[in-house]
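Undergrad: coordinates for the following, if possible.
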Amino acid sequence: MFGWRNSRGLVIGAAGLVLLALGACRKPVPAGTTPSVLRISQRNEPASLDPQLATLPDEYFSARALFEGLTTPAPGGDAPRPGVAEHWNVSADGLVWTFHLRTNAMWSNGDPVTAADFVYSYHRMLTPALAAAKAPLFFAVRNAQEYYRGTISNFDAVGFAAPDSHTLVITLAHPVPYLPALAATGAWLPVHPATLEREGSGRDSHWAEPGRLVGNGPYQLTAWLRGQHVEFIRNPHYWNAAAIAVPTLRLVSFDSGDAEERAFRSGQIDLTMSVPIQRIAFYEAKEPDRLRRQALFETRYLALNLQHGPLADARVRRALSLVIDRKALTARVLQGGQRPALSLIPPGLGGYIPAESLGEDISAARELLAAAGYPGGRGFPRLEFSTWTNTPVLEVLQQRWKSELGIDTGIVLREGRAHLAALAAGDFDLALMPLIPDYDDPSDGFGDFLTDAPTNYGHWHEPAYDDLVQAANQNPDPVRRRAQYQAAEKILLQALPVIPLYFGVQNYLISPQVRGWQTDRLWTRFYSQVSLHEN
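TA: As a prediction, this is how the structure comes out:
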């Protein structure tokens, strides 16, 4: 699924003393010295390092250091690579996938990684009591959705089987040619059964803590000082440990882009999450070797609460969208390579090509608002934006709606998880949200707005949309599948339960000491390719 549950970086306030702590105990590496710690900015404090409870990209930054799935993402949008599974094959009808696991894959305590461990992990993920937000990423598996919904109670009926310790067989409800990409998502990362049996497997368990967590990834958890940093050391039991060049990773918390940029310039971190808008031009002109830009499969959009007054009227929603100058928003306000979102699903995601385009028409917007009963904005109630980040985008929208439609709005800045909780509770009028896919296929984004999707925050209900998306999800014909998605997107962009704004880009800073750093359009980081060198 898209988003931070979803989706796919919410900024959660870090401890105010983090820079003081950095300056006191983590000084820049002296010239001529090869550093041993890769220090990376962290903008969202993880709620948990349990991969099956993770929802934010920042949580998966940690989870992918600690755990490895059957397959792993590949840089550059390539096909997923072998992870714990060395290779796999699929039946002629596309329903049965057989994954063959490495015989040298081990947990960080030396236990072998087995196919039964994956079955245990997926059973836990689909257990209704866990209420895992990413469980829908398993619904293509036979009877997985039924088990999660409680329709069936016998997990043996779900399409996972371990005929031996190094063979995992997955039976699907319908053909899913992108299953290796699904298996590479964070939700499919395994957990160590013996640890959870000992420490507890529920949401309130503390198994994912230093000294308790057992993983099978390239790193081990050594410290987690909330609001300060999470630290990992190289896992000697990892099957490919010899290829891991960086001995220690440290994810350092910051509460703003300005704070992390200052820390970067003073040599206290090696990689930032972002660059302040007002500093992008400086780095482009003066230090282009330190500035990186990664285009993302991410849509920033406004979620609208369709149960709140005038927003229930599609004419009002279209009027709000029609006065947005998306080209000016990206070129003059954001200035970081973002693109106007004239559709909801990012072009190119899984090869998808949007068929519908949003536009700007102020005259039509005023007519729609008047037809809805609010000529010139008269009688229109004050609305509030909910947001987790103090972005100028919302201020621009405020001004635009006021000047062109006569509508007043306010901005409510919430801590990141409070923002998500407000959306889940329906306690919002309009909310800034990112749509970030878990895997490279349009099915993930379209699924966010199905009637029963937990990320359908505005409670939009359109049976024709649901039918088209579900049909496309199961259609093996790529041409017909694309046409069905395009028809679904046309319905959504006419109803506008959400208003797309722009397609995201990550601008970040990197030290010359860091070599081989790679990310992708899905916010994935690739720790195994990176190395550190002398100043």
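
Undergrad: burial measure for the residue nearest to Ile152 when sequence neighbours are not counted, as a count.
TA: Once flanking residues are discounted, Ile152 sits nearest to Glu146: 4.7 Å by CB to CB, 6 or more residues apart in numbering. To be clear about C-beta, it is placed using only N, CA and C from the backbone, and glycine gets the same treatment. Counted with other CB atoms under 10 Å, residues neighbouring Glu146 total 16.

Undergrad: same question for Val333.
TA: By the criterion of other CB under 10 Å, Val333 has 17 neighbours.

Undergrad: likewise Glu86?
TA: 16.

Undergrad: now the host helix or strand of the residue nearest to Ile152: mean pLDDT?
TA: Element membership for Glu146 (DSSP states H and E) is helix 144-149. What helix 144-149 shows for mean pLDDT is 96.

Undergrad: pull up the pairing partners for the longest strand seen in the chain, direction included.
TA: If you go by DSSP state E, the chain has its longest strand at strand 291-304. The pairing partners recorded for strand 291-304 under DSSP bridges are strand 430-435 (antiparallel), strand 498-509 (antiparallel).

Undergrad: if we go by neighbour counts, what in the helix or strand following it is buried?
TA: Later in the chain than strand 291-304, the nearest helix or strand by DSSP H and E is helix 314-322. For helix 314-322, the neighbour count (16 or more other CB atoms under 10 Å) marks Arg315, Val316, Arg317, Arg318, Ala319, Leu320, Ser321, Leu322 as buried.

Undergrad: and which of the residues you listed is nearest to Tyr527?
TA: The shortest approach to Tyr527 among the buried residues of helix 314-322 belongs to Ser321, at 40.1 Å (CB to CB).

Undergrad: from Ala370, how far out is the closest residue to that closest one other than its chain neighbours?
TA: Spatially, and ignoring its direct neighbours in sequence, Ser321 is nearest to Ile499 (4.8 Å; CB to CB, 6+ apart). The gap separating Ile499 from Ala370 is 20 Å, by CB to CB, to the nearest Å.

Undergrad: cool, Pro180 as well?
TA: To Ala370, Pro180 is 52 Å away according to CB to CB.

Undergrad: ok so, going back, so how far is the helix holding Glu146 off the chain centroid?
TA: 23 Å (CA atoms, centre = their mean, to the nearest Å).

Undergrad: mind listing what Asp520 touches?
TA: By CB atoms under 8 Å, 6 or more residues apart in numbering, Asp520 lies in contact with Pro73, Ala74, Pro75, Gly76, Gly77, Gln294, Phe526.

Undergrad: now, of the residues you listed, which are buried?
TA: By neighbour count, with 16+ other CB under 10 Å, the contacts of Asp520 hold Pro73, Ala74, Phe526 as buried.

Undergrad: domain assignment for this protein?
TA: Domains of the chain are assigned by automatic domain parsing as 18-67+199-272+510-532, 71-104+114-189, 295-505.

Undergrad: those: which one's closest to Glu287?
TA: That would be domain 18-67+199-272+510-532 among the domains of the chain, by CB to CB, at 9.7 Å.

Undergrad: and that closest one, what's its mean pLDDT?
TA: 89.

Undergrad: before we move on, the earlier item: dump the domains of the chain into a markdown table; add distance to Glu287 as well.
TA: Formatted as a markdown table, the domains of the chain follow (distance: least, CB to CB, whole Å):
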| stretch | distance to Glu287 |
| --- | --- |
| domain 18-67+199-272+510-532 | 10 |
| domain 71-104+114-189 | 24 |
| domain 295-505 | 15 |
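
Undergrad: out of those domains, which is closest to Ile280?
TA: Ile280 lies closest, by CB to CB, to one member of these: domain 295-505, at 5.4 Å.

Undergrad: any idea how far apart the tips of that closest one sit?
TA: 4 Å (CA to CA, to the nearest Å).

Undergrad: for it, what is the average pLDDT?
TA: 95.

Undergrad: before we move on, what about stretch 89-102?
TA: Here stretch 89-102 scores 97 as its mean pLDDT.
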